[in-house]
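1. Here is a sequence together with a model predicted from it:
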Amino acid sequence: MAVDILWKDRCVLATYRGEVTHDNIVESYRRIEGDHRFHELHFSIIDLTELSPAVMHEHLLEEIAAENWAASATNRRLNTAVVALHPEIVEAINRYQSLMPVPRHIPDVRVCGSVDEARAAFGVGIGFTP
């Protein structure tokens with residue numbers, strides 16, 4: 001798996017490519033949420049347009065939801081958009097949201113068809129050029 005993580009101001013863009021394992025995805029989230037800049041983030045864009053949909057198992061979604069929930073308790077400003085086109089990945093995003101523990105600290109993830117659409121959804125010029 002390849003994941004490129006680009007930080008700019010109070011935003012992060014993570015682009016995932018190819019085949020990934022459960023451990024690859026969990027490790028990449030820990031890289032973002034464990035970074036000192038995470039607590040200052042206002043926006044995150046997760047680009048999954050080049051990710052294989054074969055890895056979206058329920059136990060992975062549960063683990064990501066639990067870790068994201070815990071991390072979001074320290075940053076309640078965070079808004080996230082996921083860029084996804086494949087129907088299986090969009091369905092996995094919906095399942096992920098249903099697995100997020102209550103109370104919710106952050107808004108629902110926005111599903112977008114492109115990075116530009118995600119940037120526009122936040123109403124800011126994030127300045128990323130993937």
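-> Received the coordinates, thanks. Residues are numbered from 1 along each chain as shown.
2. Please spell out which residues along the helix or strand where Y16 lies are buried.
-> Assigned by DSSP states H and E, Y16 belongs to strand 11-18. For strand 11-18, burial by neighbour count (16 or more other Cβ atoms under 10 Å) applies to 11-16. Just so you know, the C-beta spots here come from the backbone N, C-alpha and C atoms, and that holds for glycine as well.
3. In TSV: those residues, plus pLDDT.
-> Putting the buried residues of strand 11-18 into TSV (pLDDT from 0 to 100) gives the following:
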residue	pLDDT
C11	90
V12	93
L13	93
A14	93
T15	93
Y16	91
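4. so the residue positioned nearest the centre of the chain, which of the three states?
-> For the chain, the residue nearest the mean C-alpha position is I46 (4.1 Å; Cα atoms, centre = their mean). What DSSP: H, G, I helix; E, B strand; the rest coil gives for I46 is strand.
5. The nearest residue to it once chain neighbours are set aside is in what secondary structure piece?
-> The shortest distance from I46 to any non-neighbouring residue, by Cβ to Cβ, 6 or more residues apart in numbering, is to V82 (4.7 Å). Using DSSP H and E, V82 sits in strand 79-83.
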